[in-house]
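Engineer: show me the folded form of this:
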Amino acid sequence: MIPVSLYGISVERCEEFFRQLPELVANLHDDLSYTNTLFAIDDGIAIEKLHRIDSWADFGPQAWPEDIIQELVMALMTVRYPDVGLVEHLLTLDGIDAVRVSYWLHFLTNVYPIYSEKACAALDNLGVPTPFKPDDIASYGLYVQRLEGLKLHAPAAGLPEIGLPRARVLQIGLERFI
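Structural biologist: All right, here's what the predicted structure looks like:
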């Protein structure tokens with residue numbers, strides 16, 4: 001394991017998290033609603049895919065004009081992990097915050113994590129302050145960086161291999177670790 005104390009992470013809490021992680025996420029493959037949505041999103045981006053994601057996440061439907069739809073699609077096609085700066089302007093649109101954007105990015109790329117208040121609190125508990133501010137894309141960007149850093153601190157055995165995106169495994173594990 002990389003010396004996590006150099007990064008401000010509580011060594012004891014980090015080791016405990018990774019010790020418990022396989023058990024914390026053991027039933028993730030049973031979430032058929034999530035996996036059906038994940039695997040129904042194929043290559044390319046279209047507004048129908050965003051609607052499917054919104055439906056799974058229980059976001060209310062939006063009737064955006066064509067120019068807004070084009071802006072959404074272009075921004076989501078342009079962003080590259082781990083950067084989120086190119087989607088900042090989306091937060092100026094009604095009904096869109098960093099949480100919603102995180103769902104879209106998660107399902108469309110399989111690498112971005114879903115922005116979660118509970119996961120942010122767990123990161124705080126690990127000694128890595130991570131604010132949850134849905135109206136601030138920079139806070140989501142910090143969350144993405146924190147989870148990427150946490151992956152680097154995984155023990156040699158690595159993260160549990162359960163056939164789902166690692167970002168989802170870490171997010172759910174953190175939420176259940178609190």
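Engineer: and the contacts of the host helix or strand of residue 169?
Structural biologist: Using DSSP states H and E, residue 169 maps to helix 166-177. By CB atoms under 8 Å, 6 or more residues apart in numbering, the residues outside helix 166-177 that reach it are 17, 20-21, 24-25, 28, 34, 106, 110-114, 116, 118-119, 122-123, 125, 147, 150-151, 159-160, 162. Using the backbone N, CA and C atoms, a C-beta is placed for each residue, glycine as well.
Engineer: again, only this time at 6 Å
Structural biologist: By CB atoms under 6 Å, 6 or more residues apart in numbering, the residues outside helix 166-177 that reach it are 17, 21, 24-25, 111, 113-114, 116, 118-119, 122, 147, 159.
Engineer: any chance of those in a markdown table, plus secondary structure, pLDDT and neighbour count?
Structural biologist: Below are the contacts of helix 166-177 laid out as a markdown table (DSSP: H, G, I helix; E, B strand; the rest coil; pLDDT from 0 to 100; neighbours: other CB atoms under 10 Å):
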| residue | secondary structure | pLDDT | neighbour count |
| --- | --- | --- | --- |
| 17 | helix | 94 | 23 |
| 21 | helix | 96 | 22 |
| 24 | helix | 96 | 18 |
| 25 | coil | 96 | 21 |
| 111 | coil | 94 | 15 |
| 113 | coil | 97 | 25 |
| 114 | coil | 98 | 20 |
| 116 | coil | 97 | 18 |
| 118 | helix | 98 | 15 |
| 119 | helix | 98 | 26 |
| 122 | helix | 96 | 23 |
| 147 | helix | 93 | 21 |
| 159 | coil | 85 | 17 |
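Engineer: all the helices of this structure, residue numbers only.
Structural biologist: Using DSSP state H, the helices of the chain run over residues 11-24, 32-40, 47-56, 66-78, 98-109, 117-125, 137-152, 166-177.
Engineer: now the end-to-end length of stretch 20-36.
Structural biologist: With CA to CA, to the nearest Å as the measure, the first residue of stretch 20-36 is 26 Å from its last.
Engineer: count of neighbours near the residue lying closest to residue 127 once chain neighbours are set aside?
Structural biologist: Using CB to CB, 6 or more residues apart in numbering and skipping the chain neighbours, the partner closest in space to residue 127 is residue 10 (4.0 Å). Residue 10 has 15 neighbours, counted by other CB atoms under 10 Å.
Engineer: all set now, cheers.
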